[in-house]
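Engineer: have a look; sequence and predicted model below, questions after that.
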Amino acid sequence: MSTPFYVSPQQQMADRAEYARKGIARGRSLVVLQYADGIVFVGENPSRALHKFSEIYDRIGFAAAGKYNEYENLRIGGVRYADLRGYTYDRDDVTARGLANVYAQTLGTIFSSVGEKPYEVELVVAEVGETTEQDQIYRLPHDGSIVDEHGSVAVGGNAEQISSYLDQRHRDDMTLAEALKLAVQSLSRDTNGSEREIPAERLEVAVLDRTRPQKRKFKRISGRQLSRLLGSDGAGASASESESESESGDDE
């Protein structure tokens, strides 16, 4: 009887991590930025139906890079968790921190399981607060760890290069137009440092806008409103202005 091939636990975990990272890197990058009135999600996405960004609950948004079917399962699970907790207890008991903990447990269990491959996804869970200081942004890599981010975060593709670019230029008091332009500039930079043009129709943009009077702060930005923000000088632009211009619907 032949001796089974032995792989040390450390090497096995390293191989699984490398497998997941390569899968995530094949996807397009996305960025999440704080601005004066909330949090903006920006990513290159030619599809109008398969979204990278979604609403989870009143003040909580979800962003993901990697394999669509895997992060869509996680998104649906997050919506169910939030609805059940809000119905059972109180709407204020649904928080980004609680949701991030649930995702971390799920991703960690899958990553350490020998019976199935690790998820090729990286998540961002964001919650807009009453003030900038109360905003919460959590990044969840493939292994289920939680990273508490502030200001800006990039995932997928060449996220490391994009994060470095954003760290040098991002400010919490930026207008929506300024934050949106910075996000597009960071996404348009290739790994060799050259820039390419990303047309507005290839962008997926959403915001958690703290100034909205509704309980639900999530709103998609597209069409004429997106073009106007990208073409504006950034002075005083906000997501609350000209909401009627967004013809794709404010909420999911």
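Structural biologist: Cool, got the structure. On a predicted model such as this, the values are computed, not experimentally measured, just so you know.
Engineer: so where do the strands sit in this protein?
Structural biologist: 30-35, 38-44, 53-57, 60-66, 121-127, 136-140, 147-149, 152-155, 203-209, 218-221 (DSSP state E).
Engineer: turn those strands into CSV, including mean neighbour count.
Structural biologist: In short, each C-beta sits where N, CA and C put it, glycine included. Formatted as CSV, these follow (neighbours: other CB atoms under 10 Å):
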stretch, mean neighbour count
strand 30-35, 27
strand 38-44, 27
strand 53-57, 23
strand 60-66, 26
strand 121-127, 27
strand 136-140, 22
strand 147-149, 13
strand 152-155, 26
strand 203-209, 25
strand 218-221, 25
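Engineer: and the helix or strand bottoming out on mean pLDDT in the chain, what other elements does it pack with?
Structural biologist: Least confident helix or strand of the chain, by mean pLDDT, DSSP states H and E, is helix 9-25 with a mean of 89. For helix 9-25, the elements it packs on are strand 60-66, helix 96-112, judged by 3 or more CB pairs under 8 Å, 6 or more residues apart in numbering; DSSP states H and E.
Engineer: okay, the ones you listed, which one's buried deepest?
Structural biologist: Ranked by mean neighbour count, the helices and strands packed on helix 9-25 are led by strand 60-66 with a mean of 26 (mean count of other CB atoms under 10 Å).
Engineer: average pLDDT for it?
Structural biologist: Strand 60-66 shows a mean pLDDT of 96 in the predicted model.
Engineer: distance from the chain centre to that strand, please.
Structural biologist: Centroid separation for strand 60-66 versus its chain: 4 Å, with CA atoms, centre = their mean, to the nearest Å.
Engineer: hmm, back to that, for Q12, find the nearest of the strands of the chain.
Structural biologist: In terms of CB to CB, the element of the strands of the chain nearest to Q12 is strand 121-127, at 19.9 Å.
Engineer: partner strands of that closest one, parallel or antiparallel?
Structural biologist: Here strand 121-127 is paired, per DSSP bridges, with strand 60-66 (antiparallel), strand 136-140 (antiparallel).
Engineer: closest to P199 out of these?
Structural biologist: Minimum separation from P199 across those (CB to CB) falls at strand 60-66, 20.4 Å.
Engineer: strand 53-57 and that closest one, what's the angle between them?
Structural biologist: Strand 60-66 and strand 53-57 are oriented at 140 degrees to each other (axes from the mean of the first three to the mean of the last three CA atoms, to 10 degrees).
Engineer: returning to what we had before: with distance to P118 added, can I get the strands paired with strand 121-127 in CSV?
Structural biologist: Converted to CSV, those look like this (distance: least, CB to CB, whole Å):
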stretch, distance to P118
strand 60-66, 11
strand 136-140, 13
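Engineer: and those: which comes nearest E149?
Structural biologist: strand 136-140 (4.4 Å).
Engineer: quick one: that closest one to chain centroid distance?
Structural biologist: Relative to its chain's centre, strand 136-140 lies at 9 Å (CA atoms, centre = their mean).
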